[in-house]
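Peer 1: Need the 3D shape of this:
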Amino acid sequence: MNNPLFWLIGAVFVAAGAVKGVSGMGLPTFAIALLGQAMPPATAATLVLLPSLLTNIMQCIGPHARTLVRRLWPLWLGVAGATVGSPLPDLGTAGNDARIILGAVLVVYGAWGLARPALPDLARHTRVLGGLAGVLSGALTAATGVFVMPLVPYLQSLRLEKDAFIQALGLSFLVATLALAVRLGHMASSGVPVPAIGHVIALAAACLGLWIGAHWRQRLPAPMFQRALYSVFLGLGALMLARALAA
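Peer 2: Have a look, this model is predicted:
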């Protein structure tokens, strides 16, 4: 535990778990945004897989599963298909381009969250628009390891009840995480250095952070927390972009 990398992983995943505990989302985005400043995005993405999988399984539990499957299967099919089958270079092979794309996604996501634009009601067009949103989200997932754009805005446009929305996020992120795991399956033999102990630390820290965040949820003003979180995404994305373009 004297390795600074392990302390970095632990601190990042406690914070990322707390973010998810408060908001119901953001663990992989927050973790990759921070870890991506210190290591290749591909390495950060492989560390995120197990904590994201476990926490999303916990978030999937709820009474709305059957209804959500009927409404969201085109979205999930698009996410899974595009993540696994995207012909574009993935974050394991794209080199510095992966940092540029990831930085750009974080900047757009942060700016969108701060602006909070009014979204049209797309509930009547879930098959066509859901599939399109899924394909776009899957392509960006393959390239960056982050699966928030345009997945999250699309789900918000469906005007789901709060508990159904949280469950929809969990189910959608679970599909994206599993698809990303398949996409990155070759990473185990590609020379990307991910120490086994790092995965254990990431999982334990994320669970601790999730517990902390759940206790904070009732105490933190939600709008203030969300503005701060989106500002962090915007700042980290801009920093990553600046470094990548200067390299």
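
Peer 1: So which residues of the chain form helices?
Peer 2: Residue ranges of the helices in the chain, as given by DSSP state H, are 4-23, 27-35, 41-60, 65-85, 96-115, 126-144, 151-157, 162-183, 196-216, 222-246.

Peer 1: Now the shortest one: buried residues?
Peer 2: Residues of helix 151-157 classed as buried under the neighbour-count rule (16 or more other CB atoms under 10 Å) are 151-155, 157. Where you see a C-beta, it was placed from the backbone N, CA and C, and this is true even at glycine.

Peer 1: same thing with the third one?
Peer 2: Of the residues in helix 41-60, those buried under the neighbour-count criterion (16+ other CB under 10 Å) are 41-53, 55-56, 59-60.

Peer 1: thinking again about what came up before, so can I have TSV of the buried residues of helix 151-157 showing pLDDT and distance to residue 34?
Peer 2: As requested, those are exported to TSV (pLDDT from 0 to 100; distance: CB to CB, whole Å):
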residue	pLDDT	distance to residue 34
151	92	21
152	90	19
153	90	23
154	92	25
155	92	24
157	89	29
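
Peer 1: Reformat those residues as TSV; add distance to residue 118.
Peer 2: Below are the buried residues of helix 151-157 laid out as TSV (distance: CB to CB, whole Å):
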residue	distance to residue 118
151	19
152	15
153	11
154	14
155	16
157	10
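
Peer 1: between those residues, which is nearest residue 111?
Peer 2: Ranked by distance to residue 111 (CB to CB), the buried residues of helix 151-157 are led by residue 153 at 12.1 Å.

Peer 1: Got the phi and psi for the nearest residue in space to that closest one that is not next to it in sequence?
Peer 2: Counting by CB to CB, 6 or more residues apart in numbering, residue 153 lies nearest to residue 119, which is 6.2 Å off, once chain neighbours are set aside. Main-chain dihedrals, residue 119, degrees, to the nearest 10: phi -110, psi 140.

Peer 1: In contact with residue 119, which residues?
Peer 2: Residues near residue 119 by CB atoms under 8 Å, 6 or more residues apart in numbering: 153, 156-157.

Peer 1: re the thing from before, tell me which of the helices of the chain sits most buried.
Peer 2: helix 27-35 (a mean of 27; mean count of other CB atoms under 10 Å).

Peer 1: got the angle between that one and helix 196-216?
Peer 2: Interaxial angle, helix 27-35 versus helix 196-216 (axes from the mean of the first three to the mean of the last three CA atoms, to 10 degrees): 120 degrees.

Peer 1: Good, wrapping up.
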